[in-house]
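Peer 1: Give the three-dimensional model of this entry:
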Amino acid sequence: MNSLSERIATRYPILFGMREAVSMGLQAINAYKMRAGLTILGVVMGIMTVIGMSSVVAGLNASMAKQIEDLGSSAIFIRPAAPGENLTIEERRRRRALTLAEIDSIAQRSPDVKAVSPIELNAASMIKYGNERVQNAQVFGTTPAYETVHDLYVEKGRFLIEADVARGSKVAVIGAEIVDALFPYADPIDKDLSIDGIRYRIVGVIERKGKFLFISRDNIIMVPIGVMQKKDPRFNFIVADLKPVSAARIDAAMDQARDALRRARKLRFWQKDNFGMFTQDTLTDLYRQITGGIYMVMIAISSIGLVVGGVGVMNIMLVSVTERTREIGVRKALGATRRAVMAQFLTEAMTLTGVGGIIGIVVGGGIASLVNAFSPFPAVLQPAWVVIAFVTAVGTGLTFGLWPAAKASRLDPIEALRYE
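Peer 2: Below is the predicted model of the structure:
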């Protein structure tokens with residue numbers, strides 16, 4: 001065994017020296033557990049923060065991408081304003097909802113638009129069946145095109161049809177949460193549901209869709225557009241969702257819809273749009289901007305921990321240089337170069353912070369698993385961030401170990417041998 005070590009030391013002196021330095025660093029941690037533990041605590045906290053928060057943010061990003069995709073593949077949304085759009089008070093005052101005539105104009109003038117779904121938003125105050133009631137349900141009027149635009153599927157019964165809209169039929173399609181609340185032990189199809197005192201016959205149940213931005217998409221009731229219009233037109237608020245003929249034609253569809261709506265509103269070429277038009281990518285980009293801010297906060301918090309840990313490593317290495325002055329003198333007397341001594345102490349410092357990094361990764365990964373299992377926030381451990389965290393931990397040891405290593409390498413061997 002000794003001959004093997006000697007051959008490795010002769011053939012690969014750099015690797016052998018690094019292995020020896022790592023071994024000495026691990027021995028120092030084992031010999032001074034409390035001191036080493038307190039020294040690398042800052043590194044552990046910093047790396048734990050990076051791993052834990054990056055896992056939660058990655059999980060939220062994946063969840064949000066899935067939720068946005070579930071809104072309908074390549075969907076285009078027309079609203080009074082786009083998400084994140086900065087408007088003056090005057091511009092906000094001029095923004096208004098759509099009219100059915102404008103929506104018809106979009107459908108007729110946009111060959112690359114496959115379907116246009118108007119959505120009439122209403123604020124229903126009381127929804128009940130028998131003695132059971134539902135709170136905070138989303139009630140809106142729409143057309144059969146909604147099913148196409150949003151890739152919607154009916155689990156039971158049917159969706160709205162053109163005859164329902166044309167006749168103003170009092171029918172409704174409900175979400176899974178409405179079924180759970182009002183019909184836990186009964187088939188809701190053909191039952192009468194009361195919305196603000198008006199009875200609607202249930203004709204269909206939508207498959208369970210989950211949440212979007214932590215808002216349930218299953219707590220909804222859809223009725224034919226127009227049947228819930230209020231006498232006061234200010235409460236008849238209509239927006240629209242569009243679906244292009246294909247994902248490749250989404251830009252052309254947007255241009256055609258924008259031109260059709262500008263024509264319908266008689267906007268001059270120099271006038272800005274008085275409406276917002278955006279796609280799923282807009283929602284994704286906006287969300288990434290928000291999570292980008294979270295990443296910056298994460299980096300700031302972890303940096304504090306890493307600096308504290310790095311200062312601790314520097315202090316313990318300075319103490320180590322003082323305690324091992326005679327050892328350094330002996331090594332230099334036997335032929336060790338300044339570069340070799342410096343490399344030894346740098347490797348020891350990186351070993352300390354590397355161990356702290358591994359502990360931080362394990363703890364952060366455990367926290368991410370607990371968050372994923374016992375909280376509404378998803379968490380996904382990212383291999384890339386694990387590598388970044390470990391490299392950062394080792395880099396902290398390299399950075400803060402430079403001064404002690406340089407001090408050790410500059411020691412005069414004669415003076416070091418005389419040191420008591």
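
Peer 1: Mind splitting this protein into its structural domains?
Peer 2: Split into domains by automatic domain parsing, the chain comes to 12-66+286-418, 97-273.

Peer 1: How about the contacts made by the residue nearest to the spatial centre of the chain?
Peer 2: Among the residues of the chain, N61 comes closest to the average C-alpha position under CA atoms, centre = their mean, at 2.6 Å. N61 makes contacts with 287-288, 291, as judged by CB atoms under 8 Å, 6 or more residues apart in numbering. For glycine as for every other residue, the C-beta is placed from the backbone atoms N, C-alpha and C.

Peer 1: now swap in A163 and tell me
Peer 2: Contacts of A163 (CB under 8 Å, 6+ apart): S169.

Peer 1: gap between it and K209?
Peer 2: 26 Å (CB to CB, to the nearest Å).

Peer 1: Which secondary structure state is assigned to the residue nearest to the centre of the chain?
Peer 2: What DSSP: H, G, I helix; E, B strand; the rest coil gives for N61 is helix.

Peer 1: still on that earlier bit, redo the domains of the chain as JSON lines? Include mean pLDDT and distance to N86.
Peer 2: As requested, those are exported to JSON lines (pLDDT from 0 to 100; distance: least, CB to CB, whole Å):
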{"stretch": "domain 12-66+286-418", "mean pLDDT": "76", "distance to N86": "13"}
{"stretch": "domain 97-273", "mean pLDDT": "85", "distance to N86": "12"}
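
Peer 1: For P83, find the nearest of those.
Peer 2: The closest of the domains of the chain to P83 is domain 12-66+286-418. By CB to CB, the value is 5.1 Å.

Peer 1: can you tell me how far I195 sits from V134?
Peer 2: In terms of CB to CB, I195 sits 10 Å off from V134.

Peer 1: can you list residues touching both of these two?
Peer 2: Common neighbours of I195 and V134 (CB under 8 Å, 6+ apart) are I127.

Peer 1: Sketch out the strands for the stretch 101-250 of the chain, chain order is fine.
Peer 2: 113-122, 127-129, 132-134, 138-142, 154-157, 171-174, 192-195, 198-206, 211-212, 215-216, 220-224, 237-244 (DSSP state E, counting those that start in this stretch).

Peer 1: out of those, nearest to G356?
Peer 2: strand 211-212 (38.1 Å).

Peer 1: L41 and G309 touch, don't they?
Peer 2: Yes. Counting by CB atoms under 8 Å, L41 touches G309, with 6.8 Å between them.

Peer 1: overlap in contacts of the two?
Peer 2: Residues touching both L41 and G309 by CB under 8 Å, 6+ apart: G356.

Peer 1: out of these two, which sits in the more crowded spot?
Peer 2: Neighbour count, other CB atoms under 10 Å: between L41 and G309, G309 has more, with 29 against 17.

Peer 1: And what about that one, helix, strand or coil?
Peer 2: helix.

Peer 1: if I pick it, what's in contact with it?
Peer 2: Counting by CB under 8 Å, 6+ apart, G309 touches 39-46, 353, 356, 396.

Peer 1: wait, is M277 part of a strand?
Peer 2: Yes. The assignment for M277 is a strand, going by three-state DSSP.

Peer 1: Please name the spatially closest residue to it (chain neighbours excluded).
Peer 2: Using CB to CB, 6 or more residues apart in numbering and skipping residues adjacent in sequence, the residue nearest M277 is I78, 5.3 Å away.

Peer 1: Give the burial count for the one you found, as a bare number.
Peer 2: 26.

Peer 1: what bridges to it?
Peer 2: With DSSP bridges as the criterion, I78 is bridged to A240, M277.

Peer 1: from what I can see it touches M254, true?
Peer 2: No. The pair I78 / M254 is not scored as a contact, 9.7 Å apart, by CB under 8 Å.

Peer 1: Quick check: neighbours shared by those two?
Peer 2: M277.

Peer 1: Kindly provide the distance from the closest residue to V154 other than its chain neighbours to L381.
Peer 2: Setting aside the residues directly before and after it, V154 is nearest to G204 in space (CB to CB, 6+ apart), at 4.6 Å. Separation of G204 from L381 (CB to CB) stands at 41 Å.

Peer 1: who's in contact with S117?
Peer 2: Taking CB under 8 Å, 6+ apart, one finds 142-143, 145-146, 148-150, 240-243 in contact with S117.

Peer 1: what would those residues look like in JSON lines with neighbour count and distance to K191?
Peer 2: Below are these laid out as JSON lines (neighbours: other CB atoms under 10 Å; distance: CB to CB, whole Å):
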{"residue": "T142", "neighbour count": "24", "distance to K191": "21"}
{"residue": "T143", "neighbour count": "26", "distance to K191": "23"}
{"residue": "A145", "neighbour count": "22", "distance to K191": "26"}
{"residue": "Y146", "neighbour count": "23", "distance to K191": "22"}
{"residue": "T148", "neighbour count": "16", "distance to K191": "27"}
{"residue": "V149", "neighbour count": "26", "distance to K191": "27"}
{"residue": "H150", "neighbour count": "21", "distance to K191": "25"}
{"residue": "A240", "neighbour count": "26", "distance to K191": "30"}
{"residue": "D241", "neighbour count": "21", "distance to K191": "28"}
{"residue": "L242", "neighbour count": "29", "distance to K191": "33"}
{"residue": "K243", "neighbour count": "22", "distance to K191": "31"}
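
Peer 1: Rebuild the residues you listed as TSV, extending it with distance to L411.
Peer 2: Formatted as TSV, the contacts of S117 follow (distance: CB to CB, whole Å):
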residue	distance to L411
T142	81
T143	84
A145	81
Y146	79
T148	79
V149	76
H150	73
A240	77
D241	74
L242	75
K243	75
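
Peer 1: before we move on, the earlier item: pretty sure L152 is one of the things the residue nearest to V154 touches, is it not?
Peer 2: No. Using CB under 8 Å, G204 is not in contact with L152, being 10.0 Å away.
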